[in-house]
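Trainee: Below is the sequence, then the predicted model.
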Amino acid sequence: MAAKPLLQIVIASTRPGRVGGPVAEWFVGRAQEHAGFELEVIDLAEVNLPFLDEPRHPRFRDYQHEHTKRWSATVSRADAFVFVIPEYNYGYNAVIKNALDYLHHEWQDKVVGFVSYGGVAAGTRAMQQLKQVVTTVRMYPVVEAVNIPFVGQFLVEGEIRPNEIMQASAIAMLDEIARVTPALRTLRSAR
Ligand SMILES: Cc1cc2nc3c(=O)[nH]c(=O)nc-3n(C[C@H](O)[C@H](O)[C@H](O)COP(=O)(O)O)c2cc1C
């Protein structure tokens with residue numbers, strides 16, 4: 001049997017005390033129950049990239065810095081991603097944009113889903129903005145998503161207690177990522 005695709009779950013917030021940690025923890029549990037993927041959690045706080053400091057456009061893959069080479073190797077091994085993103089000032093947070101800007105080919109022809117959270121808009125403004133960015137590096141965002149409104153209401157003693165909508169939408173998104181991933185693998189192998 002073929003190995004399961006590798007899904008990287010990327011925690012975008014690096015803020016001390018972030019809600020992104022518990023949200024990702026809940027989603028990882030849901031992805032384990034789904035069982036369609038090998039999983040890897042990528043915490044951008046640990047990746048700790050400086051603001052983009054590579055002299056050449058990433059499409060040349062002529063990286064000068066060890067942190068970029070490490071980041072390239074990490075993203076290269078993934079088949080698919082779920083970005084766990086907060087909404088800051090009606091948009092995505094700077095750290096996720098910076099992490100995307102570092103690379104080019106490594107993202108290409110890979111599927112991405114979003115778990116967004118925030119206040120009244122459930123992080124959807126950030127998610128929609130980020131779709132414009134990810135398609136420019138030729139990623140394929142799925143329509144299915146997890147969008148968590150007033151995320152604080154689901155936090156109990158530092159853990160997310162999800163509602164049924166969150167539980168169901170996580171599985172719907174993972175199913176769609178699993179459906180699209182093999183087609184993109186074929187696209188990548190044709191390059
Ligand atoms: C700088 C900043 C800007 C924010 N702007 C928004 C916003 O525009 N819309 C929103 O729904 N929530 C906004 N929030 C609230 C965040 O969604 C909420 O604090 C969330 O917990 C942030 O994610 P994090 O804890 O993982 O960093 C903002 C929070 C911060 C720190």
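Mentor: Ah, there it is. Numbering: from 1, shown residues only.
Trainee: now V115, what's its secondary structure?
Mentor: strand (DSSP: H, G, I helix; E, B strand; the rest coil).
Trainee: Correct me if wrong: it contacts P22.
Mentor: No. If you go by CB atoms under 8 Å, V115 and P22 don't touch, sitting 11.5 Å apart. Placement of C-beta: from N, CA and C, glycine included.
Trainee: Now do the strands in this structure.
Mentor: Using DSSP state E, the strands of the chain run over 6-11, 38-43, 80-86, 111-117, 140-141, 146-148, 155-156, 159-160.
Trainee: List the strands paired with the fourth one, with their directions.
Mentor: Just to be clear, that refers to strand 111-117. strand 80-86 (parallel), strand 140-141 (parallel), strand 146-148 (parallel) (DSSP bridges).
Trainee: now for these, which one comes closest to E54?
Mentor: Shortest distance between E54 and these, using CB to CB, is found for strand 80-86: 20.9 Å.
Trainee: could you give the angle of the closest one to strand 6-11?
Mentor: 10 degrees (axes from the mean of the first three to the mean of the last three CA atoms, to 10 degrees).
Trainee: what bridges to the residue positioned nearest the centre of the chain?
Mentor: Residue closest to the average C-alpha location in the chain (CA atoms, centre = their mean): F83, at 1.9 Å. Under DSSP bridges, the beta-bridge partners of F83 are V10, F114.
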